[in-house]
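Engineer: Pasted the sequence and its predicted model underneath.
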Amino acid sequence: MLKPLDYAVVNRYWGEAETSILGPYMMDGFGFPASAGRFRFHSESKIVKRLIRRSSAHRTGNVLDLGSGVGYWAEYFGQNFKKVVAVEASANLYEAMARRCSPYPGITPIHENVLSFEPKDRFSIIFIGGLLMYLNESDLIALLRKMKSYLNPGGIILCRETTVQNGTVTREGDYQAIYRSVPTYHSLFSKCGLSATETCLNKPYVLMQMGCESIRKWKTVAPEKLKNIPFLGKIAYWGLRLTDPWITHIPSACGIRFPELTNHFFLVRPSGSNASRRDGHPKS
């Protein structure tokens, strides 16, 4: 049986998290330049744009951004949709998010735990970007079931979560998370009366994660005098950018499981909807 997450530990970690673009992406401490975070966000936003375009969600609808972090996604939706509600529990991340979103009158920042948050509107898009991995299964199911009831007809839930190849892995210690496989997420969605009509590998995450895991390994084996992390981070980042996309295919071609962690976007709809029946086969 999996050990449940200690929410006090999870909340403490995010209460102390850096408010740079690298912090919420778990890319701090590797020496990456800030441009690495901007590259990843810009690349991921193209995936989000493509998935939304394929759905029936439209720009006149409302967007709910759960676990908004420092607000880059809330800002993105605020630039493209009429009304956005952005919910964040961490005080320092919320303050950064509220500052970032202040130029956009259509964005409403809310400082609250997503589990206790009760929306006052219905939404065409509910975006959950890297939140489900910080929830135990019972709370994850309860949240998704509740959010399903706040979808407009034809509305979607768009999730972006870190994944593992098989089963479920719990990370313990000062940073806690539950990494689930794609089939595990599909099963959880089904328990909530939802269906993932599209599943898309987050290739920008995979590229940057290759750098993170390589540098972490280097730190464990290199002599102390060679652990020049800022220098290595910049070299690793630009090396990955220059060799993208073919470098991401090398591990699988060599039969190596690397990186250990991947990430997927899930376009989720209520089960039985017309869109679910038309497009019931997940894509990867």
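Structural biologist: Everything's here; your move.
Engineer: ok, and for the longest strand along the chain, which residues are buried?
Structural biologist: Criterion DSSP state E: the longest strand present in the chain is strand 151-164. Using 16 or more other Cβ atoms under 10 Å as the test for burial, strand 151-164 gives 151-152, 154-164. (Each C-beta comes from the backbone N, C-alpha and C, glycine too.)
Engineer: how near is I250 to D244?
Structural biologist: Distance of I250 to D244, computed by Cβ to Cβ, to the nearest Å: 12 Å.
Engineer: coming back round to it: how far is the longest strand of the chain from where the chain is centred?
Structural biologist: Taking Cα atoms, centre = their mean, to the nearest Å, one finds strand 151-164 lying 11 Å from the centre of the chain it belongs to.
Engineer: Starting from that strand, tell me the next helix or strand along the chain.
Structural biologist: Counting by DSSP states H and E, the element after strand 151-164 in chain order, helix or strand, is strand 168-171.
Engineer: Check the offset of that next one from the chain's centre.
Structural biologist: How far strand 168-171 lies from its chain's middle: 16 Å, per Cα atoms, centre = their mean.
Engineer: where in the stretch 151-284 of the chain is pLDDT low?
Structural biologist: 225-230, 273-284 (pLDDT under 70).
Engineer: quick one: buried residues of whichever helix or strand R38 is part of?
Structural biologist: R38 belongs to helix 34-54 when assigned by DSSP H and E. By 16+ other Cβ under 10 Å, the buried positions in helix 34-54 come out as A36, G37, F39, R40, F41, S43, E44, S45, I47, V48, L51, I52.
Engineer: In a markdown table, list these along with distance to S116 and pLDDT.
Structural biologist: Below are the buried residues of helix 34-54 laid out as a markdown table (distance: Cβ to Cβ, whole Å; pLDDT from 0 to 100):
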| residue | distance to S116 | pLDDT |
| --- | --- | --- |
| A36 | 34 | 90 |
| G37 | 30 | 90 |
| F39 | 35 | 93 |
| R40 | 30 | 94 |
| F41 | 28 | 94 |
| S43 | 33 | 96 |
| E44 | 28 | 96 |
| S45 | 29 | 96 |
| I47 | 30 | 96 |
| V48 | 27 | 95 |
| L51 | 28 | 94 |
| I52 | 28 | 92 |
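Engineer: rewinding a little: which of the buried residues of strand 151-164 sit farthest apart?
Structural biologist: Farthest pair in the buried residues of strand 151-164 (Cβ to Cβ) is N152 and V164. Separation: 33.0 Å.
Engineer: is it true that M27 touches M208?
Structural biologist: Yes. Here M27 lies in contact with M208, judged by Cβ atoms under 8 Å, at a distance of 6.4 Å.
Engineer: residues bridging contact with these two, i.e. touching both?
Structural biologist: By Cβ atoms under 8 Å, 6 or more residues apart in numbering, M27 and M208 have these common neighbours: A36, R40.
Engineer: And the strands in the stretch 51-200 of the chain, which stretches?
Structural biologist: All strands of the stretch 51-200 of the chain, identified by DSSP state E, counting those that start in this stretch, fall at 62-66, 83-88, 107-111, 123-129, 151-164, 168-171, 177-181, 194-201.
Engineer: Go through those strands and pick out the most buried.
Structural biologist: Most buried of the strands of the stretch 51-200 of the chain, by mean neighbour count (mean count of other Cβ atoms under 10 Å): strand 62-66, with a mean of 27.
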